[in-house]
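In: got a predicted model here, sequence first, then my questions.
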Amino acid sequence: MYNTPVLQPIVSALCQFCLAIRGWKLQGNPPTALKYVLIAAPHTSNWDFPLALAIAFVYRFEMRWMGKDSLFSGWRGPVMRWLGGIPINRASRNNVVAETIAAFLASERLIVAIPPEGTRSKVDKWKTGFYYIALGANVPIALAFLDYQRKVGGFLSTFFPTGNVEKDIADIRACYAGISGKFAEQSVID
């Protein structure tokens, strides 16, 4: 994986340089917890992935992420897995939430990034899988963001789910007020 002791400082410096020349700044810090669900919102563009990955490299943490299984076909498969990818078959009815909770319970360290929209396309509401994973695994939710209008990315805060899903999702979404995705019209954030 990319986060080896030899590669980490090189990749981190390269990503920091690339973000800087593109005008991006970082804000906040990732949680110090060894395990957490990381949500990144709004998710409106293919550019969200390389930016989020670059930010993870700069902060030097090993982030796992879920992507549609077609991203892992052919030569891309080994590269995507090396970058922390976990293929998800969105057409099947497998229980991704239960499998991810089990992975958290079996791991000493695990950070899994999940976009709450579940897609780059316009949706009416957030999916709740990320919430139920955090609740079931008893881990916090790191609120990460990419604000294309200000060219700032990073972390807002850490949220601990209470079990009141409607209130908690509303509280989490409120933290993202004023943050603009690349295609703001596709964002669910108010």
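Out: Received, thanks.

In: and the spatially most central residue of the chain, helix, strand or coil?
Out: Ranked by distance to the mean C-alpha position of the chain (C-alpha atoms, centre = their mean), the top residue is residue 113 at 3.0 Å. At residue 113 the chain is in strand, as set by DSSP: H, G, I helix; E, B strand; the rest coil.

In: beta partners for it?
Out: Assessed by DSSP bridges, residue 113 has beta-bridge partners residue 38, residue 65.

In: check the closest residue to residue 26 other than its chain neighbours and give its pLDDT.
Out: Distance criterion C-beta to C-beta, 6 or more residues apart in numbering; nearest residue to residue 26, sequence neighbours excluded, is residue 154 at 4.7 Å. For the C-beta atoms, the positions are set from N, CA and C on the backbone; glycine is no exception. pLDDT, residue 154: 93.

In: swap in residue 69?
Out: 82.

In: neighbours around the closest residue to it other than its chain neighbours, how many?
Out: Nearest in space to residue 69, with sequence neighbours left out and distances taken as C-beta to C-beta, 6+ apart, is residue 87 at 4.2 Å. Neighbour count of residue 87, defined by other C-beta atoms under 10 Å: 15.

In: shouldn't residue 87 be within a helix?
Out: No. Judged by three-state DSSP, residue 87 forms no part of a helix; its state is strand.

In: run through the bridge partners of it.
Out: Taking DSSP bridges, one obtains residue 67 as the residues bridged to residue 87.

In: thinking again about what came up before, counting neighbours, what do you get for the residue nearest to residue 26?
Out: Neighbours around residue 154, by other C-beta under 10 Å: 19.

In: let me see the contact set for it.
Out: 26-29, 55, 144-145 (C-beta atoms under 8 Å, 6 or more residues apart in numbering).

In: ok, residue 165 next?
Out: With contacts defined as C-beta under 8 Å, 6+ apart, residue 165 is in contact with 128, 131-132.

In: at 7 Å instead, please
Out: 128, 131 (C-beta atoms under 7 Å, 6 or more residues apart in numbering).

In: that one and residue 135, how far apart?
Out: 8 Å (C-beta to C-beta, to the nearest Å).

In: quick one: low-confidence parts of the chain?
Out: Applying pLDDT under 70 to the chain flags residues 1-5, 90-94, 118-124, 181-190.

In: all strands of it, in order?
Out: 25-27, 35-41, 64-68, 85-88, 110-114, 141-147, 152-159 (DSSP state E).

In: okay if I get those strands as TSV plus distance to residue 97?
Out: Below are these laid out as TSV (distance: least, C-beta to C-beta, whole Å):
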stretch	distance to residue 97
strand 25-27	30
strand 35-41	11
strand 64-68	11
strand 85-88	11
strand 110-114	10
strand 141-147	14
strand 152-159	18
